[in-house]
Each structure stands twice: as C-alpha cells, then as structure tokens.
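# with the input below, show me the fold.
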Amino acid sequence: MNQSTLTYPAPRTELTGQQLISHAGLSILGGLLNALDFRALCEDRFSQFVPTTATHRPGKILADLTLMLAAGGEQACDVDLLRTNPGLFGPVASEATVSRFMHRIKDMPDAFTHGYQTMSRTLRTKLWAAAGPRNPAKRASKRTPLILDIDATLIQAHSDKQGATGTYKGGYGFAPLIVTADYGTGNGTGETLAVLLRPGNKGANSAKDHIEALSQALAVLPDDFYDTDGVLVGEKLLVRTDSAGASREFLNHLDSLGIQFSTSYSLPVVKERQIQWISEKKYWEPAIDQHGKPLREVWVVDATAVMKLKDYPPGTRIYVRAEPLHSGAKASLFDADGNRITAFLTNSPYYVIPELDRRHRARGRCENRIKSLKHAGLGKLPYWSFAANQAWSLIAAFAANLLAWMQLVLLPAEHEAGVWDVKRWRYRLFSMAGKLTSSGRRTRLLIPAHAPESRLFSLMSQTCNQLRHRWRQGHLRA
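This is a model prediction of the structure:
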C-alpha cells in the first residue's frame, strides 16, 4: 500500500555543468532568422546605431530582443535567458550594450523607422513568395482583396513616461493606432503592419492619424502590391475599420489611392418612416455567419436609397443590419422593432449583401492580433523616451510577425498550430527543454522524443532547413 502523501515526486535538486537548454524551442525562430540572412540584412540598414568596431552587431541585438519577446520577456534585461545558453543562441549583448543601442535609436528615430520599414518589406516579400499557393499577395485581387484592419487600443503606463497622458477610460498611458493584415482563416493568424504610438488622450477617430498609420502599413507591403513603376495597386487592398475610421477625409483618401473600404457607420437617429421601412422584411436578405450558414432572425439590406450619404466617395453604399436584442441588452435610440440596428459603409465592387456583411463582421479577428501583439511586448513599454518606446513597439511587432511567418511558411496548410497565439506557442513549443551534445565536430540539439510537440518541432526544423538551402540556391518561390 502506498503511504506517500506527496502530490508530486520530490527528487533531489543539484546543479550541473551539462549543456541543458531551457527554451530549446526558440531555436525554430533562430533557424528562420538564419535562413533569412537576417544579420546581413540588418547590417545594411541599422549599422549607424552601433560603433563600427562593435562586437555585437545590430542584427544580432535585434534578433536577441525579438526572441526574448517571443519567449515572454518584458524588458531588455530579460535577454539574460538567452545569454546563459551560448551554445544555442551565441554571444548575447549585455544589458548596457542594448541600452546604448536603444539610446542611439532614440536620437535618430526616423532613421530606425525607415530601416525597419525597408527591412520588413524585404522579408515579407521573400517569405510570402515562399508560401506558395498560400501567398497572401498572390491570392489578393479586386474580388478578394487583402484586408487591412485599423484599430486603436490602450496601453497602461505605471510610471511617468514621455507622451503618457490620461485616457478616456480613466487610465494613464498611450493609445496606439495599429494596422494589421488579415489573410483569412486557415492561412495563419495575420500580421502587424504598423504601430503608430500616440499619447493616451488622442482620439480614435483622427483622420490624420489613420492616414499616417495607413501610409506606414503600405510602406511594408510586398512588391506584388506595386506595379513596375512603383505605383500602389489599390484595388487589391481593402481597409476595414470601426466607426472611428468612417470620417469623410479618411475615406476620400482611400478612394484617391483606389483602395476599397468597409467601415462601421454610426447611424443618425432613425426617423419614423425609416423604422416602418426597417420593419418590413420583404426588402431584406438573411445574414450568414462566418461559415456561410444562415443566421436566425438576422437580416441585412442595402439602405443607400433611403439613407442618403453626402460628401462621401463616389460609389459608397450603406448597408444596415438588424438582429434581435440579446437577453439583457438595453435598447438605444437607434434600435427599432425590438432589433439592434447597425450599419457599415463600403465601396466594394462586390454586391452580394450577406457576404459583404460577413466580411465586415470578421473585423473582430483584429482584436486577437492586438492581444497577441501586447503579449509580444507592446503591453509594457519599458522606456521613458517616447521615441525609444516607439522603436520598442516596432520590435514587438516584428516578434509577433516572426511567429506569423513561421506559421505561414513552416507549417502545412490547415495545421492545427496555424492558429495558435503567442502564449500557446510559448507553453507548447518554446519552453521545450533540450540538451546540446558534440560529436564528430558537429553540435546536436537533443529534444525529448516523448515531449508533446516533439513531432511538430522536428517538422518545423526540417522545413526551415529546406527553406535555407533553397534560398541559398536562389529559389525564392515555393
């Protein structure tokens, strides 16, 4: 009979000099950066931020910060996790070296932003081409454009920082405007294209900020979205926003670029004749869910002929959606006949109303990308300087994008891990233990065969090696 009262076994703990690795799963990200020749690419764009004779080059510093954020670190000193495993991560810069690197970025923020944008565009062009039939740029067309979501969020600051102000929710911090790319379910979780850091008291409906954030996002799109003269092919893009992006100035700017849009619209007070018209469902069509199945008692209609729009781009139409109030929901002045009434504007050349409504309501997926971005480092800005925190935001975006690219090019289509967020990657793969061994002048990383994701690790490692050899031979496409 077992008399033990222990919940878990209690082996004796001892220190050892063996080369044990606590976050061996991060080697997948390191391997992808090696395959991309990331260090040489950064040397061309960020060499001005380190001394000419410096041992630690900008590509290695940025790579270490990226892996640290992907692993769950929150500030520059957390790179010590990598520093303790030189056999896998190489020499890692000290905290003081990283601090001096960020200080130089603070003094030349525009140079860093430009370097980041050109680097991101080069990497994205290369990686999307390697995605084969899942290449978002090749799948984009006037009928099925690549969707760019623009949304604002709040970041709390727990100390006085440059640019931190009170927020509309009574907090204190920043209100960045974020642009993400949604290339559909089954192809990954999407990417962050731009992070425009703003003071916390900035409004979400600023047309000027929307235009600036969009300009930064367009600068990092792959070459496939530009013609031979470098002119943007706007019809292959669709910008999707909440009602904060429905300003006439911003929508007319999109129209001038030839970009499609789908934006929520705050309805005026519904007039009596419009309420009666809404009650008659003979003009309406049943709405569908994200899987294409009809929704019960949910209707959509083209209301352009009834609700006149003024000073909006030519071809702008308004669609109204009516659905029963949920249990416990309070009716507002805009609700009629027991229905919650919402609307959105679009200039899309596609006229299947339920499909337009389904596409617009998928905007909620951008909230997941913003949540993952905060978990990847945006949620805690560590510096006092506004420029340094803006640079940190871009590094956090790169860490989140590296995970998205890993899902896009290293995983088969429809793989279950293709929709994992950063926290699940950390728990299932990045925290996997390993051991370094050397024999025959070769170093090997040993992974426990019984680890839950050992097969996934092996699959991604092999695919990454194949990519590296293919790119070295000049085969850029899948």
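# what's the weakest-modelled helix or strand in this protein?
helix 272-279 (a mean of 58; mean pLDDT, DSSP states H and E).
# could you point out which element follows that one?
strand 285-288 (DSSP states H and E).
# so in that sheet, which strands flank that next one, and in what orientation?
Strand pairing for strand 285-288, using DSSP bridges, gives strand 294-302 (antiparallel).
# if we go by neighbour counts, what in the strand it pairs with is buried?
Neighbour counts over strand 294-302 (16 or more other C-beta atoms under 10 Å) mark 298-302 as buried. (C-beta placed from N, C-alpha, C; glycine too.)
# kindly report the same for stretch 152-165.
Neighbour count says stretch 152-165 has 152-153, 155, 157, 161, 163-165 buried, by 16+ other C-beta under 10 Å.
# show me which of those is closest to Leu456.
Lowest distance from Leu456 to those (C-beta to C-beta) belongs to Thr153, with 30.8 Å.
# so can I have a markdown table of the buried residues of stretch 152-165 showing pLDDT and secondary structure?
Below are these laid out as a markdown table (pLDDT from 0 to 100; DSSP: H, G, I helix; E, B strand; the rest coil):
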| residue | pLDDT | secondary structure |
| --- | --- | --- |
| Ala152 | 95 | strand |
| Thr153 | 95 | coil |
| Ile155 | 95 | strand |
| Ala157 | 91 | coil |
| Lys161 | 92 | coil |
| Gly163 | 93 | coil |
| Ala164 | 93 | coil |
| Thr165 | 93 | strand |
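# elements contacting the longest helix seen in the chain?
Assignment by DSSP state H gives helix 386-410 as the longest helix of the chain. Other helices and strands packing on helix 386-410, by 3 or more C-beta pairs under 8 Å, 6 or more residues apart in numbering; DSSP states H and E, are helix 27-35, helix 58-71, helix 95-107, helix 109-130, strand 191-196, helix 365-373, helix 422-425, helix 454-472.
# okay, those in JSON lines with mean neighbour count, distance to Tyr350 and mean pLDDT next?
Formatted as JSON lines, the helices and strands packed on helix 386-410 follow (neighbours: other C-beta atoms under 10 Å; distance: least, C-beta to C-beta, whole Å; pLDDT from 0 to 100):
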{"stretch": "helix 27-35", "mean neighbour count": "21", "distance to Tyr350": "36", "mean pLDDT": "95"}
{"stretch": "helix 58-71", "mean neighbour count": "24", "distance to Tyr350": "37", "mean pLDDT": "95"}
{"stretch": "helix 95-107", "mean neighbour count": "17", "distance to Tyr350": "43", "mean pLDDT": "94"}
{"stretch": "helix 109-130", "mean neighbour count": "19", "distance to Tyr350": "24", "mean pLDDT": "95"}
{"stretch": "strand 191-196", "mean neighbour count": "26", "distance to Tyr350": "23", "mean pLDDT": "96"}
{"stretch": "helix 365-373", "mean neighbour count": "20", "distance to Tyr350": "19", "mean pLDDT": "93"}
{"stretch": "helix 422-425", "mean neighbour count": "18", "distance to Tyr350": "33", "mean pLDDT": "94"}
{"stretch": "helix 454-472", "mean neighbour count": "16", "distance to Tyr350": "35", "mean pLDDT": "93"}
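# dump these into CSV; add distance to Ala137 as well.
As requested, those are exported to CSV (distance: least, C-beta to C-beta, whole Å):
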stretch, distance to Ala137
helix 27-35, 19
helix 58-71, 23
helix 95-107, 30
helix 109-130, 5
strand 191-196, 12
helix 365-373, 19
helix 422-425, 24
helix 454-472, 18
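# identify the residues contacting His360.
Listed by C-beta atoms under 8 Å, 6 or more residues apart in numbering, the contact set of His360 reads 240, 262, 264, 344, 346.
# which strand or helix spans it?
helix 353-361.
# can I get that helix in PDB? Just the C-alpha atoms.
Below are the C-alpha coordinates for helix 353-361, written out as PDB (Å, rounded to 0.1, in the frame of the first residue of the first chain):
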ATOM      1  CA  ILE A 353     -25.100  41.700 -49.400                       C
ATOM      2  CA  PRO A 354     -24.800  38.800 -46.900                       C
ATOM      3  CA  GLU A 355     -21.200  38.200 -48.000                       C
ATOM      4  CA  LEU A 356     -20.300  41.800 -47.500                       C
ATOM      5  CA  ASP A 357     -21.900  41.700 -44.100                       C
ATOM      6  CA  ARG A 358     -20.000  38.500 -43.200                       C
ATOM      7  CA  ARG A 359     -16.700  40.000 -44.300                       C
ATOM      8  CA  HIS A 360     -17.200  43.200 -42.300                       C
ATOM      9  CA  ARG A 361     -18.200  41.400 -39.100                       C
END
